[in-house]
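Q: Structure for this input, please:
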Amino acid sequence: MGLQHEKENEKQQEKLKHSNITKIMLSSSSASFGIIFLLVVIMGIFSSAFSPHTTDDSYVYAAITEQQQKADISLSTLINQGSPYLGDPSTAHITIIDFSDFQCYLCARYVKATEPLVNQIYIQTGKVILIFKHLPNRGFDSLDAALAAQCTNDQGKFWQFHKKLYDNQKPIDSGWVSKDNLKKFASQIAGLNMQQFEACFDNKKYKDFIENDLKLASSFGFQDTPSFIIVNSKDGSNPEILKGPYPFPSFKAIIDKKLKEGAENSS
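A: Next comes the predicted model:
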């Protein structure tokens, strides 16, 4: 009983730390990108060490606040902003927004176990579109991985690079996504123009883009990766949140419910 009580105290202390860090981020709208990223990394380190999401499967649905409901997460807005996507924007009624980190082992688990089923059953049939958003908070090397991945999106190679990184994932900040290794991975993507990629990556072209993804994640209270928002594509309405690498049936239940509601509303 003493050990259980001690663990509960640790969890409560870490929740308080997350809350304080988040308040600082939200109250400093003019903070530099470096400060914002550092705070998010700290949140990720605490989360990796103490969050129950990283040690068991007790993931929970999260409630949507009024402020979150006002966020513009319609499909057209997300695509116009430059977010990588998988699927057909002209037919997809439902959008899954995936906030992930390439150093997150739970993200890799989702990518290998759940995403292929979502892709096969819903994305390839035109019902769902997947949007990727960057939440690089697992370690200090995560930012470069996010910047590199977004650069490959310029050439339509994001999902190949996405797969390459998760297939080669190693322990956090072990050097596996060093700048040199990221360029090496990019060079293995067929058809990728390395001169264009390196110019984008070395100049941190997507620094502001990643910063905006971090702000969006913070507005939804996301600290753990992966975290998901599932919404109606047309206007981003009726959002539902999943925090953690839920198994396929959890995604299926939400998607099928939304598709059914959409069909009833259009009839």
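
Q: Give the burial count for the closest residue to Ser178 other than its chain neighbours, as a bare number.
A: Distances taken as CB to CB, 6 or more residues apart in numbering place Asp141 nearest to Ser178, at 6.8 Å, with adjacent residues excluded. Bear in mind the C-beta positions are built from the backbone N, C-alpha and C, glycine included. Using other CB atoms under 10 Å, Asp141 has 22 neighbouring residues.

Q: Please report phi then psi for Asp141.
A: phi -80, psi -10 (degrees, to the nearest 10).

Q: quick one: it and Gln103 touch, right?
A: Yes. Asp141 is within contact range of Gln103, at 6.5 Å (criterion: CB atoms under 8 Å).

Q: Now the common contact residues for those two.
A: Jointly contacting Asp141 and Gln103 under the rule CB atoms under 8 Å, 6 or more residues apart in numbering are 172-173, 177.

Q: Redo these as JSON lines? Include neighbour count and secondary structure.
A: As requested, the shared contacts of Asp141 and Gln103 are exported to JSON lines (neighbours: other CB atoms under 10 Å; DSSP: H, G, I helix; E, B strand; the rest coil):
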{"residue": "Ile172", "neighbour count": "19", "secondary structure": "coil"}
{"residue": "Asp173", "neighbour count": "16", "secondary structure": "coil"}
{"residue": "Val177", "neighbour count": "26", "secondary structure": "coil"}
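
Q: Nearest to Thr95 among the residues you listed?
A: Taking CB to CB as the measure, Thr95 lies nearest Val177 of the shared contacts of Asp141 and Gln103, at 27.6 Å.

Q: give me the number of residues near the closest residue in space to that closest one that isn't next to it in sequence?
A: Spatial nearest neighbour of Val177, excluding adjacent residues (CB to CB, 6+ apart): Ala145 at 4.4 Å. By other CB under 10 Å, 26 other residues sit near Ala145.

Q: Assign Ala145 to helix, strand or coil.
A: helix (DSSP: H, G, I helix; E, B strand; the rest coil).

Q: how far away is the closest residue to Asn181 other than its chain neighbours from Ser233?
A: With CB to CB, 6+ apart as the criterion, Asn181 has its nearest non-adjacent residue at 7.1 Å, and that residue is Gly175. Gly175 sits 39 Å away from Ser233, taking CB to CB, to the nearest Å as the criterion.

Q: Please read off the pLDDT at the residue nearest to Val177 from the model.
A: Turning to Ala145, the model gives it a pLDDT of 98.

Q: Next one: it from Asp167, what distance?
A: 13 Å.

Q: Please apply the same query to Gly82.
A: 25 Å.

Q: Over to Pro89?
A: Distance of Pro89 to Asp167, given as CB to CB: 27 Å.

Q: And for Ser90?
A: 30 Å.

Q: need the contact list for the residue nearest to Ser178.
A: Per CB under 8 Å, 6+ apart, neighbours of Asp141: 103, 172-173, 175-178.

Q: What does Asp72 show for phi and psi?
A: phi -80, psi 90.

Q: which residue ranges form the strands in the stretch 151-267 of the chain?
A: 227-232, 240-243 (DSSP state E, counting those that start in this stretch).
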